[in-house]
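In: fold the following.
(chains A and B)
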Amino acid sequence: DGGITQSPKYLFRKEGQNVTLSCEQNLNHDAMYWYRQDPGQGLRLIYYSQIVNDFQKGDIAEGYSVSREKKESFPLTVTSAQKNPTAFYLCASSIGSGIGAPEAFFGQGTRLTVV
Amino acid sequence: DQQVKQNSPSLSVQEGRISILNCDYTNSMFDYFLWYKKYPAEGPTFLISISSIKDKNEDGRFTVFLNKSAKHLSLHIVPSQPGDSAVYFCAASDRQGAQKLVFGQGTRLTINP
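Out: Residues are numbered from 1 along each chain as shown, chains lettered A, B, ... in the order given. Okay, the predicted model is just below:
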């Protein structure tokens, strides 16, 4: 059963602590993405990776870090430098660059709350 | 600068009638457009897409229209059903670039019985 798995679904963090959100896919997709959704707003791109061991900043990368050591995995770390980390985080994957259609498939999301 | 805009935050439609959701974009490099449907606390699910070489794509009750000269696309749902109530996001991609999707703010569609 192919898909994208995000864990955990709900996460609470104390202010000043780093936290890592997990994202795993078994779709054999080259590209992976992290988006953030805030109430009343669209999805904003945090980081993306088109290939293993390579990633680029999106529109709101400050206070976040990522790694792409394996094709299947793209974890996101929310650092203490992120000023407003409480949000709904979505991971996605797609086939990647080329002439194929760029539909991205999303995980179920992780709701992070800073307490 | 918002490259993809959905100017209607919400839309209410009677069951059985047509729902029309609109989206505008500013980046002329975008060559592929998608619509996603999202329920609360879930990830978006892909609905329908259109390449810039077409002006219409149809899939069952869903049709997407693209007007490149106006940089405008729309999603038509007919007939609308209660299960269609959700937030709909428009997204655009430059396939010659990184293929990352740029999303609009979303439109909350409510289908009334």
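In: residue A:91 contacts residue A:108, correct?
Out: No: applying C-beta atoms under 8 Å, one finds residue A:91 not in contact with residue A:108, separated by 9.2 Å. For the C-beta atoms, the positions are set from N, CA and C on the backbone; glycine is no exception.
In: what about these two, which has more around it?
Out: Higher neighbour count among residue A:91 and residue A:108: residue A:91, with 28 against 15, using other C-beta atoms under 10 Å in any protein chain shown.
In: skip the chain neighbours and tell me the closest residue to the residue in chain A that chain B sits nearest to.
Out: With C-beta to the nearest C-beta as the measure, residue A:106 is the residue of chain A nearest to chain B, at 3.4 Å. Residue nearest to residue A:106 in three dimensions, not counting chain neighbours: residue B:43, with 3.4 Å by C-beta to C-beta, 6 or more residues apart in numbering or on different chains.
In: can you confirm residue A:48 is in a strand?
Out: Yes: counting by DSSP: H, G, I helix; E, B strand; the rest coil, residue A:48 is found in a strand.
In: ok, residue 62 - how many residues close by?
Out: If you meant another chain, say so; for now it's chain A. Neighbours around residue A:62, by other C-beta under 10 Å: 11.
In: to clarify, I was referring to chain B.
Out: 17.
In: next, it: phi, psi?
Out: Dihedral pair for residue B:62: phi -110, psi 130, per degrees, to the nearest 10.
In: just checking, it touches residue B:50?
Out: No: at 11.0 Å, residue B:62 does not count as touching residue B:50 under the criterion of C-beta under 8 Å.
In: need the overlap of contacts for the two.
Out: By C-beta atoms under 8 Å, 6 or more residues apart in numbering or on different chains, residue B:62 and residue B:50 have no common neighbours.
In: what residues does chain A put near chain B?
Out: With C-beta under 8 Å from any C-beta of the partner chain as the criterion, chain A meets chain B at residues A:4, A:6, A:31, A:33, A:35, A:40-45, A:48, A:50, A:56, A:58, A:88, A:90, A:92, A:94, A:96-99, A:101-109, A:111.
In: for the strand or helix carrying residue B:48, which strands pair with it and how are they oriented?
Out: For residue B:48, the host element (DSSP states H and E) is strand B:45-51. Using DSSP bridges, the strands paired with strand B:45-51 are strand B:32-38 (antiparallel).
In: any low-confidence regions in chain B?
Out: B:96-99 (pLDDT under 70).
In: check chain A too.
Out: If you take pLDDT under 70 as the line, chain A has these spans: A:1-2, A:97-101.
In: what's the neighbour count on residue 38?
Out: All of this refers to chain A. Neighbours around residue A:38, by other C-beta under 10 Å: 12.
In: nope, chain B please
Out: For residue B:38, using other C-beta under 10 Å, the count is 20.
In: now it. Nearest residue, chain neighbours left out?
Out: Closest to residue B:38 by C-beta to C-beta, 6+ apart is residue B:44, at 4.3 Å.
In: distance of that neighbour from residue B:113?
Out: 25 Å (C-beta to C-beta, to the nearest Å).
In: more neighbours: which of these two?
Out: A direct count of neighbours by other C-beta under 10 Å for residue B:44 and residue B:113 places residue B:44 higher, at 28 against 7.
In: and the more buried one, what are its phi and psi?
Out: According to degrees, to the nearest 10, residue B:44 has phi -70, psi 150.
In: hmm, back to that, pull out the buried members of the residues of chain A next to chain B.
Out: Buried residues within those, counting neighbours by 16 or more other C-beta atoms under 10 Å in any protein chain shown: A:4, A:6, A:31, A:33, A:35, A:42-45, A:48, A:50, A:58, A:88, A:90, A:92, A:94, A:96-97, A:102-107, A:109.
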